[in-house]
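Undergrad: Requesting a structural model of the entry that follows:
(one chain, ligands or ions: 2)
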Amino acid sequence: MLTRRRVLQLAGAGATALSMPPLLTTSRASDGFLELTAGPSRKKLYRDDAAVSELWTYNGTAPGPEIRVRLGETVKVRLINNLEEPTSIHWHGIRIDNAMDGVAGLTQPAVPPGESFDYEFVVPDAGTYWYHAHNKSWNQVARGLYGPLIVDEVEPAFSRENDLTLVIDDWRLNRDGGLDLASLGHLMDWSHGGRFGNWLTVNGESNPDFQLVRGQATRLRLINAANARIFEIDPGRFNAKILAYDGQPLLEPKTPAYAPMLLGPAQRMDLLVTPEDDFALEELSGNDPFPFVRFRTVEGDGIPGAPGSLQPNAIPEPDLDSARVVRVDMTGGAMGRMVETVYKGKVLSGEDYPRTGQLWAFNGVANLAEEPLFAAQRGETIILEVVNDTAFMHAMHVHGHHFRVVERGGATIDDGDPWRDTFLVGPDQTTRIAFVADNPGKWLFHCHMLEHAAAGMNTWFDVA
Ligand code: C2O
Ligand code: CU
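TA: Ligands and ions are numbered 1, 2, ... in the order given. I've put the predicted structure just below:
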């Protein structure tokens, strides 16, 4: 029933050159700000003889430069907008000062073409995060406006050679291999599973190869930057353990209890591998396993290089006994039950749906309303009870907070109530998450299938 089961049609480009992770550099202005320039650039996403794609990128590359800092440091980034439309940057998963959250229209005005905006914030948690455009994200992220943000532990748990960032994206390419721009914004995608691609890249490359040292514990940081695709992977195929979800470490590395594991849009998963042989990461959501990144083992100096353990971040523990439950009914979309939907204070009917593109709703309200979904006192524990009354899976993201997934489909969940910033909720499923609303400001709660967010699955809450 899941429509994400699409075959990746353009299989077989077969780039086999050994490629180490791209060395990413960031220019730094004299006042200490890293400069990220959003602008058009051109890149071949598919074979060498295929058409060039017209992308929008940060500093000319997709993904943009890896921003790497240490726990507790201050990130200073100057966004310079050389695009033809306004933009902003959101720092996904960072428990950030609200004014720096980068949500155009809620926490800041979008930055107009030709202008700039300075982001300055402290990173309170170590782990794997990412940044992306947050104005018309369905368009800007699909064209390449995203990059990794890695926060090292005070004593990094892995040495740099044993710590790889893998930003995974699926692109929708035309027959000639160039990025399909004409279909951006198609209501067919908005009302179904979102915009799926037909070609995968890792760090912007097709089928890259990485070298790993045999027997060395290595951390693979997987980041799903796709608009809508849920990747399915089976870490058990290469004896990997799970180190962390969405930047937050498990108490100890865990062998996955089931397969495949789902990696939804915006989610991250850190894996621990100790390679003995060559292996590939395969995407399993199609009809056949689709290998999209290969790892070749090379001999090292024989020193095993034991991984340090990951310390938990200091996230406040929800108090379930005193929690306030906020219920969110998700409705709409193709094959969904029709409910009365309010958009900008007006009940939609008939022609309003295609005209406004509002096809989904939370509690009968499409997109941001004047009133928040809820207003919390600072320090209050909130349980969001998310009832998915649609025919699709969704990837729900809370801004500014990490939460525990406490219940899924009536059962308390495996993986010891993991901390996350984005969770998947299946069709006809109910999931409960809990968090301490301790970060003052206006925060989004939305589906990270970016077409769904644009088409109504987008609300906000207020922390006093
Ligand atoms: Cu990663 Cu509101 O976004
Ligand atoms: Cu969704």
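
Undergrad: Run a quick neighbour tally on the residue of the stretch 51-200 of the chain found nearest ligand 1.
TA: Closest to ligand 1 within the stretch 51-200 of the chain is residue 92: 3.7 Å, counting by CB to the nearest ligand atom. Heads up, the C-betas are built off the backbone N, CA and C, glycines and all. Using other CB atoms under 10 Å, residue 92 has 27 other residues around it.

Undergrad: who touches it in this structure?
TA: Applying CB atoms under 8 Å, 6 or more residues apart in numbering, we find residue 92 in contact with 129, 130, 131, 132, 149, 266, 397, 421.

Undergrad: Near residue 214, how many other residues are there?
TA: Residue 214, neighbours per other CB under 10 Å, totals 15.

Undergrad: let me fix that: residue 311
TA: Burial of residue 311 is recorded as 13 neighbouring residues (other CB under 10 Å).

Undergrad: Which residues are in contact with it?
TA: 126, 153, 249.

Undergrad: how far away is it from ligand 1?
TA: 25 Å (CB to the nearest ligand atom, to the nearest Å).

Undergrad: Same question for residue 349.
TA: 29 Å.

Undergrad: Distance of that residue relative to residue 131?
TA: 39 Å (CB to CB, to the nearest Å).

Undergrad: next one: residue 119
TA: 9 Å.

Undergrad: if we can go back for a sec, which of residue 349 and residue 131 has more neighbours?
TA: Taking other CB under 10 Å, residue 349 and residue 131 do not tie; residue 131 has more neighbours (27 against 9).

Undergrad: other SSEs contacting the host helix or strand of that one?
TA: Using DSSP states H and E, residue 131 falls within strand 127-133. Here strand 127-133 touches strand 89-92, strand 146-152, strand 218-224, strand 268-273, going by 3 or more CB pairs under 8 Å, 6 or more residues apart in numbering; DSSP states H and E.

Undergrad: C-alpha coordinates for that strand, CSV please?
TA: Presented in CSV, the C-alpha positions along strand 127-133 are these (Å, rounded to 0.1, in the frame of the first residue of the first chain):
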residue,chain,number,x,y,z
GLY,A,127,25.6,14.4,17.0
THR,A,128,24.6,14.3,13.4
TYR,A,129,22.4,17.2,12.2
TRP,A,130,21.8,19.0,9.0
TYR,A,131,20.8,22.3,7.6
HIS,A,132,18.4,23.2,4.8
ALA,A,133,16.4,26.0,3.2
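
Undergrad: quick check: angle from it to strand 268-273?
TA: Angle between the axes of strand 127-133 and strand 268-273 is 140 degrees (criterion: axes from the mean of the first three to the mean of the last three CA atoms, to 10 degrees).

Undergrad: average pLDDT for strand 127-133?
TA: Here strand 127-133 scores 98 as its mean pLDDT.

Undergrad: circling back: any idea what the residue of the stretch 51-200 of the chain closest to ligand 1 is bridged to?
TA: residue 130 (DSSP bridges).

Undergrad: Could you check how far it is from ligand 2?
TA: Distance of residue 92 to ligand 2, given as CB to the ion, to the nearest Å: 16 Å.

Undergrad: Could you do residue 318 as well?
TA: From residue 318 to ligand 2 the distance is 24 Å (CB to the ion).

Undergrad: Pretty sure that residue sits against residue 438.
TA: No. Applying CB atoms under 8 Å as the test, residue 318 and residue 438 come out as separate, 10.2 Å apart.
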